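> Sequence plus the predicted model coming up.
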Amino acid sequence: MPVSALSGAVIYKDDGKSTVVYQEKCESCGYVSGSTKGTTFTSAQTTGSVFSTGFVCPKCKVRQKVLIRH
């Protein structure tokens, strides 16, 4: 199953195995961060597991939830 951004992110790079690099995206105003962040899914996590974090948009100040499905 390919990695997909459910909300708050744009997938920048996916190695097809366990590492995902993403940019934060504000669902309210459309802002996309110029920098990237990464996460690694461990072998203990099953396909379909969801990575979750959050950030505050620097443009509109709305709190965003980042959800990425493995």
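Perfect, I can see it now.
> where in the protein is pLDDT low?
For the chain, the stretches with pLDDT under 70 are 1, 43-47.
> Please name the nearest non-neighbouring residue to the residue positioned nearest the centre of it.
When the chain is reduced to its mean C-alpha position, the nearest residue by Cα atoms, centre = their mean turns out to be Ala9, at 4.1 Å. Leaving aside its chain neighbours, Ala9 sits nearest to Tyr22 (4.3 Å; criterion: Cβ to Cβ, 6 or more residues apart in numbering). No exception for glycine: its C-beta is placed from N, CA and C like everyone else's.
> The one you found contacts Gly38, doesn't it?
Yes. Under the criterion of Cβ atoms under 8 Å, Tyr22 makes contact with Gly38 at 7.3 Å.
> higher neighbour count, the two?
Neighbour tally, Tyr22 and Gly38, criterion other Cβ atoms under 10 Å: the higher count belongs to Tyr22, 23 against 10.
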